[in-house]
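In: Output the structure for:
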Amino acid sequence: MQLKQIEAVYQNLTQSIEILQNKLSLSYFDALIETLENLLEQTINASDELDDSTVNELKKIYRQIDVHDFESEDWRQVVQLLLLGSYKKQAVQPNHQMTPDSIGFLLTFLMQKLIKKSNLHTLLDLGVGTGNLLSVIINNLKKAGYQLNAYGVDNDDTLLSIADVSTALQKNENVELLHQDAIDEIMVPKVDVVVSDLPIGYYPIDERVQNFKSKVEKGHSFAHYLLIERGINQLADAGWGFFIIPSGLFENEDAQKLLKTIQNKAFLQGILNLPQDLFVNEKSRKAIMMVQHKGQQAHQAQQILLGDFPSMKNQAEFSKFLNEIDLWVKQNIK
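Out: The predicted model follows:
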C-alpha cells in the first residue's frame, strides 16, 4: 500500500472514531476498538444505539475500505497511526505506550542472526500491549520465511482488545492472546523466544511473588526483575530471551540478585544500548539484553556482546556495527 492510501484509510477511520466517540460517549480507545471491529466484521455493532443517519454515515465510511486489499504490514501501520493519534487526545502512561518500530526491527535482526530458522517456531511477548512489537517481529520473520506460533500476554483488557483486532486485520492467524498477569503461571508451552519491552516499576502484590528468586525480602519487588525471571522460565532449552531494559540496569546494587537469578538457568550473552536519539535523554535510554536458556548446545559466549547502536541516520556507522555483531555471532554462538 502506498503512503497516500495508508493516509486515506487513516483519515476515514479517524472520522469513524470521532463519530462513535460523540454519539456513544466512548473513550478514544473504545471507539477505536469499535471502529476496527465494525470494519473487520462489515457491520455496525452498536447500530441499535445509533440513529439511522449515523449508521448510514458509518457504512459509507467502511464501504470505502476493502479489508482484503491490504497486506499485514499495511494494516499494522494504519493501527499504529491511529494509536499515535490517541496519544494526543488522552493521557497514556509510559508503560502502555507502543514500542517503536525501530526496536522491533533490531530485535528481528538479532533473532535472525542468533537463531537458526529450524530452531525458531514459537514466540511469547510477556507484555504485548497493543501488539505493535509482536506484529513487527512476526511480519518481518514471515517475510524471511519463518513459520511461527506466537503468544501475547497482557493484563489490560483494552490494550489486549486492540492487539486482538489488529492481529485479525493483519491476518496473523497463529497468534494467541491471553488476558492475564504475566507474573502468574502462563498456560502456554515452553517457547523458543521470549520478548518483552519491560514495564519499569514495582509489583504491588507481594504474596504472588514468593517463589521468585528475584524478589526482595521486604517491600515490593521490581516488576521488570520478576518478568525477566518469568520469561526465562518460559524458555525451552537453548531458547533466547530479548528484554528491553533500562541501559543502566546493572549499575544498581539490587541488580546483583537479578544477575544471579539469570545465571541460575541461563547465559547472559549480551547487552546492547539502543540508539541515543530514540530517547529524550541519556537517563531514559534503554538497551536490549539477550539471554539464552541453558541446555542442548547452548554455551556461554567467550566474550559477552556489549556496545552501543549508533544512530540509524548514520548509515555507515550503523552498518559497521551490524557487521561487528555478525562477526561476534560467528565467533561466539555458531
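In: Please make it C-alpha for all contacts and neighbour counts, starting now.
Out: Noted.
In: From what I see, Phe242 and Asp192 are in contact.
Out: No - with contact defined as C-alpha atoms under 8 Å, Phe242 does not reach Asp192; the gap is 11.1 Å.
In: Between those two, point out the one with more neighbours.
Out: Phe242 (25 against 22; other C-alpha atoms under 10 Å).
In: so how far is the strand or helix carrying Phe267 off the chain centroid?
Out: Using DSSP states H and E, Phe267 sits within strand 266-273. With C-alpha atoms, centre = their mean, to the nearest Å as the basis, strand 266-273 stands 19 Å off its chain's centre.
In: list the buried ones in stretch 67-82?
Out: Neighbour-count burial for stretch 67-82 flags Val67, Ser72, Glu73, Asp74, Trp75, Arg76, Gln77, Val78, Val79, Gln80, Leu81, Leu82 (criterion: 16 or more other C-alpha atoms under 10 Å).
In: show me the contacts for the residue nearest to Gln80 when sequence neighbours are not counted.
Out: Nearest residue to Gln80, sequence neighbours excluded (C-alpha to C-alpha, 6 or more residues apart in numbering): Asn132, at 7.3 Å. Asn132 sits next to Arg76, Gln80, Met98, Thr99, Asp101, Ala163 when contact means C-alpha atoms under 8 Å, 6 or more residues apart in numbering.
In: Out of the residues you listed, which one has the weakest pLDDT?
Out: The lowest pLDDT within the contacts of Asn132 belongs to Met98, with 81.
In: sec struct for Asn38, please.
Out: Secondary structure, DSSP: H, G, I helix; E, B strand; the rest coil: Asn38 is helix.
In: count of residues packed around it?
Out: Going by other C-alpha under 10 Å, the residues that sit close to Asn38 add up to 18.
In: quick one: it from Glu176, how far?
Out: Distance of Asn38 to Glu176, given as C-alpha to C-alpha, to the nearest Å: 21 Å.
In: Repeat that for Glu253.
Out: For Glu253, the distance to Glu176 - C-alpha to C-alpha - is 37 Å.
In: Counting neighbours, go ahead and name the busier of those two.
Out: Glu176 (15 against 9).
In: pLDDT score assigned to the more buried one?
Out: So, for Glu176, pLDDT stands at 97.
In: Might you report the residue contacts of it?
Out: With C-alpha under 8 Å, 6+ apart, Glu176 has these contacts: Ala150, Tyr151, Gly152.
In: Can I take it that it is in a helix?
Out: No - the assignment for Glu176, made by three-state DSSP, is strand rather than a helix.
In: Could you give the bridge partners of it?
Out: On the basis of DSSP bridges, Glu176 is bridged to Tyr151.
In: among the contacts of Asn132, which two are most distant?
Out: Asp101 and Ala163 (15.3 Å; C-alpha to C-alpha).
In: and those two? which has more neighbours close in?
Out: Remark: of Asp101 and Ala163, Ala163 carries more neighbours, 24 against 16, as counted by other C-alpha under 10 Å.
In: Poorly predicted segments of the stretch 1-150 of the chain, please.
Out: In the predicted model of the stretch 1-150 of the chain, residues 1-2, 89-96 satisfy pLDDT under 70.
In: Strands of that one, start to end?
Out: 122-125, 149-154 (DSSP state E, counting those that start in this stretch).
In: Return the distance of the longest one from the chain's centre.
Out: When you say that, I think you mean strand 149-154. 10 Å.
In: now the nearest residue to Asp184 once chain neighbours are set aside: how far from Lys218?
Out: Excluding the flanking residues, the one nearest Asp184 by C-alpha to C-alpha, 6+ apart is Arg208, at 7.4 Å. Distance, Arg208 to Lys218, by C-alpha to C-alpha: 14 Å.
In: And Gln234, by the same measure?
Out: On the measure of C-alpha to C-alpha, Gln234 and Lys218 end up 26 Å apart.
In: Which one's more surrounded, those two?
Out: Gln234 (24 against 7).
In: picking up where we left off before, would you agree the residue nearest to Asp184 is in contact with Asp181?
Out: No - using C-alpha under 8 Å, Arg208 is not in contact with Asp181; the gap is 10.4 Å.
In: If you count surrounding residues, which of these two has more?
Out: Shown here are Arg208 and Asp181; by other C-alpha under 10 Å, Asp181 has more neighbours (14 against 11).
In: Pull the number of nearby residues for the nearest residue to the more buried one once chain neighbours are set aside.
Out: Residue nearest to Asp181 in three dimensions, not counting chain neighbours: Asn155, with 5.0 Å by C-alpha to C-alpha, 6+ apart. Neighbours of Asn155 under the rule other C-alpha under 10 Å: 16.
In: do Leu20 as well
Out: So Leu20, with other C-alpha under 10 Å, has 23 neighbours.
In: what sits against it?
Out: Per C-alpha under 8 Å, 6+ apart, neighbours of Leu20: Leu26, Ala31, Thr35.
In: let's see it at 10 Å
Out: Each residue near Leu20 by C-alpha atoms under 10 Å, 6 or more residues apart in numbering is listed here: 14, 26-28, 30-32, 34-35, 46, 50, 54, 58.
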